[in-house]
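> Sequence and predicted structure, then a few things I'm wondering about:
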Amino acid sequence: MRGAGDQRRRGRGPRPDAAAIEAREAAAAAFYDMDRAQKYLQGRVTVFGDLDAKAAAPVRHDFGALSDSADAAAVAYISVLDANDLDGDRERGPAEYDAARRAFLAVTDRLQKITRDLERFGERLAPQMARLEAALDQLPPRLAAARDAVAAAEAAVAAARDAGMDAADPEARLARARESLARLSSQGLGGLGLAGAMDLADEVRHAADQAREEAEELPRIGQKVRNSLASVRTRSDMVAGRIEPVRQAMRLLLRHYSQSCWQDLRGAPEAVGAGVERARERLNEASAHIARNEWKPAQRALTAARTELNGAERRAAQVTGRVAELDAAAADPGKPAEAARFAVRDAQKLATAQPGGAAPHHARALDALVERLEAAPRRLTGAHPDYWSYLQELESIKTAAGDVVTRIRDERAGASS
C-alpha cells in the first residue's frame, strides 16, 4: 500500500543503517530546497514578463533551461528513492546499504548543484526586478490621476451640455480616454507591460485633460466667436466701400494708359464686389451656427469669410497700386530705371571683385542685363506708352541681377568649404 510505503520513507519504520538513512534525508532536504527555489523563481519570472515583456524572452529562455534541469533532477531523485526503499522489512547486507548511501549522495550533489544554479540566476535577476518593482510604485498614482482626469472631464462636458453648448468635440475626446482607461483596466500589466501601462495611463490623463479644457473653453470660445463675427462684418463693410474707388481707378487706367497696362485687371470692381458678397454669405452662416451654439462650424465660416475678404482686398489693392505705379513712372520714367541700374552695378562690383576678375559666365549675364537696361526706355513710345511693360522689364532686370549675386556667393561658399 502506498500509505504504508510513505510512512516507511518518512522514517517511521526501522532504521538498520544510519549512514544510508542519513544520506536519504540529506537528499530529501536537497530536493525540497531545489523545488522551493524553482517554484519561487517561476513566480518571479512570470512577474518579470508581466512588467517588461520586451526583456522577458532571454530571461524565460535561461530559466527554462534551468527548470528543465531541475525537473530532470527531480525525476532522478524519485527514481533513486523508489529503487532504495530503506524502510522495507527484508534484510539487507552492508554492501546494499552502502550502494544506497552512495546513490543518495550522488543525487544530493546533483540537486544541490542545480539549486546553486537557480540561486545564481535569481541573483542576476534581482537587480532588474528591483528596478521594475521600484517603477511599479509609480503606476498607482498615475492610474489615480488618469481616473481623476476622466471624472473631471465628464463633469466639464456635462456642464457644457447643460449650458446649451455644442460639446461634440470634447465629448469625442473624452470617449477615447474612457476606452483607453477601460483597456488599461481589462488588460493590466499582463497585456501592456509596466512601461505600456504607465504610458497608457499618461495618455488617458492627457486626453481627459484636453477634453476638460475644451469643454471649459466653450463659453469663452462663444464670446470670442461673437466678437469675431462683429469684427468681420465691419471689415466686410470697409471692403465694400472700396468697390467705388476701384471703379474710379479703373476708369483712370482706361482713360490714360494703354490696354496692356490694365487688361489683366479687367473686371476687378466686379470681382471685389463678388468677394464681399461671398464673405457676407459666410457671415450669415456663422451667425446661424452661433445661434445654435455650434462654435466650430461658426469659426470655419468666419475663416472662409476672412479668406474671401483677403482676396477682395488684394484685388482692390492691385488696381489702386497699379494706378500709383503707372502715375509715378509717367511722371519720372528714369527713377525706376535708376533702381534697376543700381542693382546691376552692385552685381558687377561683386563679380569683378573675385580673384582673377569676373567669371566669364557671370560677365556675359551682366552684359546682357546692361543691354536690356539700355533698351528698356524704347518701350515708352506712342501717345499711350506701355509703362506697365516698362516697369515689368525693369523689375525682371533687378531680379536677374540679384540672381547673379546669389550664384557668385554660392560659388564662393562652395570653393571655401
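The structure has been received and is ready for your questions. Not measured: the values here are computed from a predicted model. Numbering: from 1, shown residues only.

> So which bits of stretch 159-172 are buried?
160-161, 165-167, 169-171 (16 or more other Cβ atoms under 10 Å). Every C-beta, even on glycine, is put in place using the N, C-alpha and C of the backbone.

> of all these, which two lie farthest apart?
Farthest-apart pair in these is R161 and D169; separation 12.3 Å (Cβ to Cβ).

> Find the residues that touch each one of the two.
The contact sets of R161 and D169 do not overlap (Cβ atoms under 8 Å, 6 or more residues apart in numbering).

> Could you list the domains of the chain?
Annotated domains of the chain cover 2-136, 139-218, 241-331, 334-416 [automatic domain parsing].

> To R226, which of those lies closest?
Closest among the domains of the chain, once you apply Cβ to Cβ, is domain 241-331, at 6.3 Å.

> Could you tell me the end-to-end distance of the closest one?
29 Å (Cα to Cα, to the nearest Å).

> gap between A65 and L41?
12 Å (Cβ to Cβ, to the nearest Å).

> Same check on W262?
90 Å.

> could you pull out the helices for the stretch 251-400 of the chain?
268-291, 295-331, 334-352, 360-375, 387-416 (DSSP state H, counting those that start in this stretch).

> cool, and the stretch 101-250 of the chain?
Using DSSP H, counting those that start in this stretch, helices in the stretch 101-250 of the chain cover 139-162, 168-240, 243-256.

> Including distance to Y387 and mean pLDDT, could those go into CSV?
Shown next, in CSV, are the helices of the stretch 101-250 of the chain (distance: least, Cβ to Cβ, whole Å; pLDDT from 0 to 100):
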stretch, distance to Y387, mean pLDDT
helix 139-162, 60, 83
helix 168-240, 28, 83
helix 243-256, 10, 94
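
> how about CSV for these, with distance to G357 added?
CSV is the format used below for the helices of the stretch 101-250 of the chain (distance: least, Cβ to Cβ, whole Å):
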stretch, distance to G357
helix 139-162, 71
helix 168-240, 55
helix 243-256, 47
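
> Nearest to E411, out of the ones you listed?
helix 243-256 (43.7 Å).

> Is the residue in the chain sticking out farthest from the centre part of a helix or strand, or is it coil?
For the chain, the residue at maximal distance from the C-alpha centroid (Cα atoms, centre = their mean) is E91, at 80.9 Å. Judged by DSSP: H, G, I helix; E, B strand; the rest coil, the three-state class of E91 is coil.

> Against K296, how distant is it?
Distance of E91 to K296, given as Cβ to Cβ: 98 Å.

> can you check Q318 too?
34 Å.

> For those two, indicate the residue with more neighbours.
Using other Cβ atoms under 10 Å, the more surrounded residue of Q318 and K296 is Q318, with 17 against 13.

> pLDDT at the residue nearest to the more buried one when sequence neighbours are not counted, what is it?
Once flanking residues are discounted, Q318 sits nearest to L265: 6.1 Å by Cβ to Cβ, 6 or more residues apart in numbering. The model reports L265 with a pLDDT of 94.

> now swap in D82 and tell me
Residue-level confidence at D82 comes out at 80, pLDDT.

> Check the one 10 residues further on too.
Reading off the confidence values, R92 has pLDDT 72.

> And it, how far from K39?
From R92 to K39 the distance is 35 Å (Cβ to Cβ).

> Same question for A73.
For A73, the distance to K39 - Cβ to Cβ - is 14 Å.

> who's more crowded, the two?
Set A73 next to K39 and count neighbours by other Cβ under 10 Å: A73 wins out with 22 against 11.

> check contacts around that one.
Contacts of A73 (Cβ under 8 Å, 6+ apart): 34, 107, 110-111, 114.

> I'd like to know which of those are buried.
Applying 16+ other Cβ under 10 Å to those, the neighbour count classes 34, 107, 110-111, 114 as buried.

> List the contacts of R205.
Per Cβ under 8 Å, 6+ apart, neighbours of R205: 142, 145-146, 149.

> which one of those residues sits closest to A375?
Closest to A375, out of all of the contacts of R205 and judged by Cβ to Cβ, is A149, at 72.6 Å.

> quick one: the closest one and A175, what's the gap?
For A149, the distance to A175 - Cβ to Cβ - is 14 Å.

> go on, D117?
Here D117 is placed at a distance of 52 Å from A175 (Cβ to Cβ).

> so what's the most centrally placed residue in the chain up against?
The centroid of the chain falls nearest to E203 when counting by Cα atoms, centre = their mean (12.2 Å). Going by Cβ under 8 Å, 6+ apart, E203 touches S180.

> Let me have the contacts of A73 in TSV, extended by pLDDT and distance to D98.
Putting the contacts of A73 into TSV (pLDDT from 0 to 100; distance: Cβ to Cβ, whole Å) gives the following:
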residue	pLDDT	distance to D98
M34	89	25
V107	89	15
R110	91	19
L111	90	20
I114	89	25
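
> Any buried residues in stretch 308-328, and which?
308-309, 311-313, 315-316, 318-320, 322-323, 326.

> ditto for stretch 140-152
So stretch 140-152, judged by 16+ other Cβ under 10 Å, has buried residues 142-143, 145-147, 149-150, 152.

> Restricting to C-alpha, output that stretch in CSV.
Output in CSV follows, covering the C-alpha atoms of stretch 140-152 (Å, rounded to 0.1, in the frame of the first residue of the first chain):
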residue,chain,number,x,y,z
PRO,A,140,-0.9,53.5,-8.9
PRO,A,141,-0.7,57.3,-8.7
ARG,A,142,-0.7,57.5,-12.5
LEU,A,143,-3.8,55.4,-12.6
ALA,A,144,-5.4,57.5,-10.0
ALA,A,145,-4.5,60.7,-11.9
ALA,A,146,-6.0,59.2,-15.1
ARG,A,147,-9.2,58.3,-13.3
ASP,A,148,-9.5,61.7,-11.7
ALA,A,149,-8.8,63.4,-15.1
VAL,A,150,-11.6,61.4,-16.7
ALA,A,151,-14.0,62.3,-13.9
ALA,A,152,-13.2,66.0,-14.2
